[in-house]
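J.: Structure, please.
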Amino acid sequence: MEKINNLKILIVSQYFWPENFRINELTCELKKLKHNITVLTGYPNYPEGKIYNDFLNNQTRFSKYKGINIIRVPLIPRGQSRVQLIANYLSFCINASILGLIKLRKKEFDIIFVFQTSPILVGIPSSIISFFKKTPQILWILDLWPETLTAMGILKKKWQIKFVRFFTNLIYQQFNIILTQSKSILNIIRKYTKTIETFYFPAWSESNTLPKSIKIAKEIEEKKSLFTIIFAGNIGEAQDFPSIVKAVSFLVKINFKRFRIITLGNGSKKPWLIKEIKKQKLNPYFEIMDSYPPTRMPSFFKHADALLVSLKDEEVFKMTIPGKIQTYLTTGKPIIGMLSGEGAKVIKEAKAGLVCNSGDYKNLGKLIIKISKMSKMEREDLGKNGLNFCKKEFDRNYLILKLESIMKNLIKK
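T.: As a prediction, this is how the structure comes out:
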């Protein structure tokens, strides 16, 4: 059989650069392997909920990313309400299915790769394009539906859950191969897609390790007298910030005050967090900052004595490995986790930090005290453990080559 080298790949994702998602890096890595990449995506509006001003002022500048062609379709920005978020999902689905197909009418592809965070609706335009172009497609699942919607309180009635599960499974059946970001999700998917090939395909780190040459971020004031904890990423419902606030309140009540939590990110829960901190007079213990590009994150992580990850106490989140865990592991910094399931298992197996169950804010407070009282060498050992584990389990080069192999084997069939 003829050897397959350069693939023509269409990547379908509601989110793409300048929005910060792993699909950006995956796309660049496939480009480095000499594949021809086209991306079908929407107008950038995540996480602020409004179309980026830079994009509106000069759309042409956002039609290419590191030599990769980008086809964009309009969508309703996600806004701050649930109704607008649903409109955002539906508008991308409809416009990508119609306008996307029109804009791609003269292009041919060997394979379609779909990046599926929420919503699963992204599988509809890809399947329509796949049907008309007779092209096989691969789905990478990062959010499990309808479980995520149930955990977020969007679906409450049994008939709603059953309908979304039926609809989701119908979409799954359109794919040749399904990849999942955790082994628990893989087991769930296999129950519903027995005739479809499935593989475990975890995320890798978005950041580099912290070389000594990295300069410390000037946006954060150095306070060596305080134990500095950094939370980086989305500030949303899933991250359970109410429990984090409770943990801080608990620490203050027991007179442990020589610490601060710095958040780097945005999200739907951020306005609530700012308001709650002010209401409970916890301002001395929080520093709330905005998002920064992945290239800047190492300079911020350099401030950290420990890194914080948390997830709500919901079954679907127990099946999830938060993407920030892989990033945290590569920093060589110890991790404090308030989460259960797969994410907790990774931290424990790596011996990279301390973990308590989701929602257990008192134990989170106790872990903060415990890790702050460790010697610098003990914390460095935890960080080194995490770095070594990440190199073994979440190596980017290995994972990208694995994906390339999966793609090529699919084409050969």
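J.: Only C-alpha atoms from now on, for both contacts and neighbour counts.
T.: Will do.
J.: The least confident helix or strand in the chain by mean pLDDT: how far from the chain's middle?
T.: Least confident helix or strand, the chain: helix 147-151 with a mean of 76, by mean pLDDT, DSSP states H and E. Computed by Cα atoms, centre = their mean, to the nearest Å, the chain-centroid distance of helix 147-151 equals 16 Å.
J.: what helices or strands is the next helix or strand after that helix leaning on?
T.: Sequence-wise, the next helix or strand downstream of helix 147-151 (DSSP states H and E) is helix 158-172. Packing partners of helix 158-172 (3 or more Cα pairs under 8 Å, 6 or more residues apart in numbering; DSSP states H and E): helix 123-133.
J.: same for the helix it packs on, what does it pack against?
T.: Helix 123-133 packs on helix 82-103, strand 111-116, strand 137-141, helix 158-172, going by 3+ Cα pairs under 8 Å, 6+ apart.
J.: how about the strands of the stretch 151-300 of the chain, start to end?
T.: Ranges of strands in the stretch 151-300 of the chain, per DSSP state E, counting those that start in this stretch, are 177-180, 197-200, 227-232, 259-264, 286-289.
J.: List the contacts of the fourth one.
T.: What that stands for is strand 259-264. 226-233, 284-292 (Cα atoms under 8 Å, 6 or more residues apart in numbering).
J.: Can you flag the buried ones in those?
T.: Buried residues within these, defined by neighbour count using 16 or more other Cα atoms under 10 Å: Phe227, Thr228, Ile229, Ile230, Phe231, Ala232, Gly233, Tyr285, Phe286, Ile288, Ser291.
J.: Tabulate those residues (a markdown table), appending pLDDT and distance to Lys279.
T.: Output for the buried ones among the contacts of strand 259-264, formatted as a markdown table (pLDDT from 0 to 100; distance: Cα to Cα, whole Å):
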| residue | pLDDT | distance to Lys279 |
| --- | --- | --- |
| Phe227 | 97 | 23 |
| Thr228 | 97 | 22 |
| Ile229 | 98 | 21 |
| Ile230 | 98 | 22 |
| Phe231 | 98 | 21 |
| Ala232 | 95 | 23 |
| Gly233 | 91 | 23 |
| Tyr285 | 97 | 13 |
| Phe286 | 97 | 13 |
| Ile288 | 96 | 15 |
| Ser291 | 89 | 24 |
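J.: Out of those, which comes closest to Ile188?
T.: Checking the buried ones among the contacts of strand 259-264 against Ile188 by Cα to Cα gives Gly233 as the nearest, at 26.4 Å.
J.: Low-confidence stretches in the chain?
T.: 1-4, 152, 206-212 (pLDDT under 70).
J.: let's go with 50 and repeat that
T.: 1-2 (pLDDT under 50).
J.: so who does the residue positioned nearest the centre of it touch?
T.: Among the residues of the chain, the one closest to the centroid is Gly323, at 4.8 Å (Cα atoms, centre = their mean). With contacts defined as Cα under 8 Å, 6+ apart, Gly323 is in contact with Ala203, Trp204, Ser205.
J.: Ramachandran coordinates for the first one?
T.: Listed backbone geometry of Ala203 is phi -80, psi 170, with angles given as degrees, to the nearest 10.
J.: burial of it, as a residue count?
T.: By the criterion of other Cα atoms under 10 Å, Ala203 has 25 neighbours.
J.: surely it meets Gln181?
T.: Yes: look at Ala203 against Gln181 with Cα atoms under 8 Å: they come within range, at 6.3 Å.
J.: Next, Trp17: secondary structure please.
T.: coil (DSSP: H, G, I helix; E, B strand; the rest coil).
J.: what about it, how many neighbours?
T.: 17.
J.: so what's it closest to, chain neighbours aside?
T.: Asn24 (6.1 Å; Cα to Cα, 6 or more residues apart in numbering).
J.: Next SSE downstream of the helix or strand harbouring the one you found?
T.: Using DSSP H and E, Asn24 falls within helix 22-32. Later in the chain than helix 22-32, the nearest helix or strand by DSSP H and E is strand 36-42.
J.: And the helix or strand following that following strand, how far out from the chain middle?
T.: Using DSSP H and E, the helix or strand that follows strand 36-42 towards the C-terminus is helix 53-57. What separates the centre of helix 53-57 from the centre of its chain is 24 Å, taken as Cα atoms, centre = their mean.
J.: So which other helices or strands are in contact with helix 53-57?
T.: Short answer (3+ Cα pairs under 8 Å, 6+ apart): helix 53-57 packs on no helix or strand.
J.: Convert that helix to PDB, retaining C-alpha atoms only.
T.: Extracted as PDB, the C-alpha positions of helix 53-57 are listed here (Å, rounded to 0.1, in the frame of the first residue of the first chain):
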ATOM      1  CA  ASN A  53     -12.600  44.200  19.400                       C
ATOM      2  CA  ASP A  54      -9.300  43.400  17.700                       C
ATOM      3  CA  PHE A  55     -11.100  40.900  15.500                       C
ATOM      4  CA  LEU A  56     -13.900  43.300  14.600                       C
ATOM      5  CA  ASN A  57     -11.400  46.000  13.700                       C
END
